[in-house]
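Trainee: model the following, please.
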Amino acid sequence: MKKESLLFFAIVFMLISCNNIPTNEERAENLVSNCIKDWLTYPESYEKISSQIDSCSINLSKMREIIELTEDCNDLYDKIRTLEGRIESAQSTMNTYNPKDRGNNSEYSRGKYNRAKAEKEEYELEFKQLNPKLEEKVLALRNSTNDLYDSEINGWAVTHRFRCQNDYGVQMPPQEMLFFCDLNFEKCQGWTPEQIESFFTIIECVEESETDKALLKNLQDIRYIFNYF
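Mentor: So this is what the prediction gives:
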């Protein structure tokens with residue numbers, strides 16, 4: 001009888017313990033809500049509406065890397081285009097004040113020519129240095145895009161809707177964010193719908209651009225999306 005009683009209480013204890021273990025949904029909501037409250041000026045205004053959780057295999061470090069590489073590509077492309085314009089302008093000045101042409105033997109003309117020649121050489125040197133850097137960044141961007149997803153599940157994607165007040169204490173319409181959490185629900189990163197859409201616009205741009213030249217042009221066309229990051 002004593003053994004049966006001990007067995008009964010052991011089973012009851014195990015059932016109670018199991019019931020006290022939070023579900024993945026509960027762990028996700030707890031982590032996400034704490035994360036949101038840390039951002040808010042008025043954390044007490046936070047109110048959960050709903051959550052949806054799903055497993056994912058996206059590599060978060062690659063997401064940030066892709067955004068940074070895209071910005072680097074655009075910046076280098078801008079610098080190279082500027083240098084191309086300066087080289088062309090310097091060459092035009094050299095053509096205008098070429099000492100070999102009749103009437104360009106004055107000191108003024110020679111000075112204009114020599115200054116333009118020196119500027120052109122300087123711009124061409126910088127151009128030659130930047131081109132390999134741009135090619136390197138483009139290759140890294142393509143590689144990071146290919147490695148965006150891991151071969152195995154590495155975390156959770158939590159779509160969370162909530163209400164809160166803005167920095168001025170004014171109640172905002174219902175908000176929605178996508179949070180990427182690690183497998184153990186110890187840390188997460190939050191993304192707005194605009195950020196997610198902008199990020200996958202980059203991915204689509206990279207995947208659909210067959211040549212590096214086309215990719216650089218297409219990245220220029222979508223650079224407005226960086227206002228969301």
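Trainee: ignoring the adjacent residues along the chain, who's closest to the spatially most central residue of the chain?
Mentor: Among the residues of the chain, the one closest to the centroid is Ile67, at 2.8 Å (CA atoms, centre = their mean). Counting by CB to CB, 6 or more residues apart in numbering, Phe229 is the residue found nearest to Ile67 once chain neighbours are left out, at 5.9 Å. Just so you know, the C-beta spots here come from the backbone N, C-alpha and C atoms, and that holds for glycine as well.
Trainee: who's in contact with the one you found?
Mentor: 67, 195, 198 (CB atoms under 8 Å, 6 or more residues apart in numbering).
Trainee: do you know how far it is from Glu194?
Mentor: In this view, Phe229 and Glu194 are 9 Å apart by CB to CB, to the nearest Å.
Trainee: what about the longest helix in the protein?
Mentor: Ranked by residue count under DSSP state H, the longest helix found in the chain is helix 107-146.
Trainee: quickly run through the sheet partners of whichever helix or strand comes after that one, with directions.
Mentor: Per DSSP states H and E, the first helix or strand lying C-terminal to helix 107-146 is strand 155-163. Within its sheet, strand 155-163 is paired with strand 47-56 (antiparallel), strand 175-182 (antiparallel), according to DSSP bridges.
Trainee: so what's the gap between the host helix or strand of Glu84 and the chain middle?
Mentor: Element membership of Glu84, judged by DSSP H and E, is helix 60-96. Distance of helix 60-96 from its chain centroid, counting by CA atoms, centre = their mean, to the nearest Å, is 19 Å.
Trainee: so what does that helix touch, helix or strand wise?
Mentor: Other helices and strands packing on helix 60-96, by 3 or more CB pairs under 8 Å, 6 or more residues apart in numbering; DSSP states H and E, are helix 107-146, helix 193-208, helix 212-221.
Trainee: okay, buried residues for the longest one please.
Mentor: Residues of helix 107-146 classed as buried: 109, 112-113, 116-117, 119-120, 123, 126-127, 134, 137-138, 140-142, 144-145 (neighbour count, 16 or more other CB atoms under 10 Å).
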